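> just a sequence and a predicted model for now, questions to come.
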Amino acid sequence: MRRMHGWVSRKDRNPVEIDAVVQRDDGSRAEVRLSDLTDEGCRIETHDHFRIGEQLQIAIPRLGQLSAQVRWALPGSAGARFLAESEI
């Protein structure tokens, strides 16, 4: 595959639908659905609006609580990158 200038490769996404709860910086909580899950991040589907750069705690059934940062945001969805302990 030939890469275009500015292209950033990313891992293959796992097409899932997982109900989760997000806790935001301000302490508020939102019920969300996660999709396109990888070990590096996920897509968040929600009625709430997220801010790029916002840090979140995501409670995922059977996986526990993960820290994440919003990398992109659109009405109805956002992309989050999971954070390592050293990044929190």
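Thanks, I have it.

> just the C-alphas of stretch 71-80, formatted as CSV.
Provided in CSV are the C-alpha atoms of stretch 71-80 (Å, rounded to 0.1, in the frame of the first residue of the first chain):
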residue,chain,number,x,y,z
ARG,A,71,-8.5,12.9,20.3
TRP,A,72,-11.3,14.0,18.0
ALA,A,73,-14.9,15.0,18.6
LEU,A,74,-18.0,15.3,16.3
PRO,A,75,-21.7,15.6,17.2
GLY,A,76,-22.7,12.2,18.4
SER,A,77,-19.3,10.6,18.7
ALA,A,78,-15.7,11.0,19.7
GLY,A,79,-12.4,9.1,19.5
ALA,A,80,-10.4,8.4,22.6
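
> name the residues that touch it?
Stretch 71-80 is contacted from outside by 41-47, 49-52, 56, 58, 68-70, 81, using CB atoms under 8 Å, 6 or more residues apart in numbering. Placement of C-beta: from N, CA and C, glycine included.

> could I get the average pLDDT for the longest strand seen in the chain?
In terms of residue count, the longest strand belonging to the chain (DSSP state E) is strand 64-74. Throughout strand 64-74, pLDDT has a mean value of 96.

> cool, and stretch 43-50?
Rounded mean pLDDT across stretch 43-50 is 94.

> that older thread, what about the longest strand of the chain, distance to the chain center?
Computed by CA atoms, centre = their mean, to the nearest Å, the chain-centroid distance of strand 64-74 equals 3 Å.

> following element in sequence after it, please.
Counting by DSSP states H and E, the element after strand 64-74 in chain order, helix or strand, is strand 77-82.
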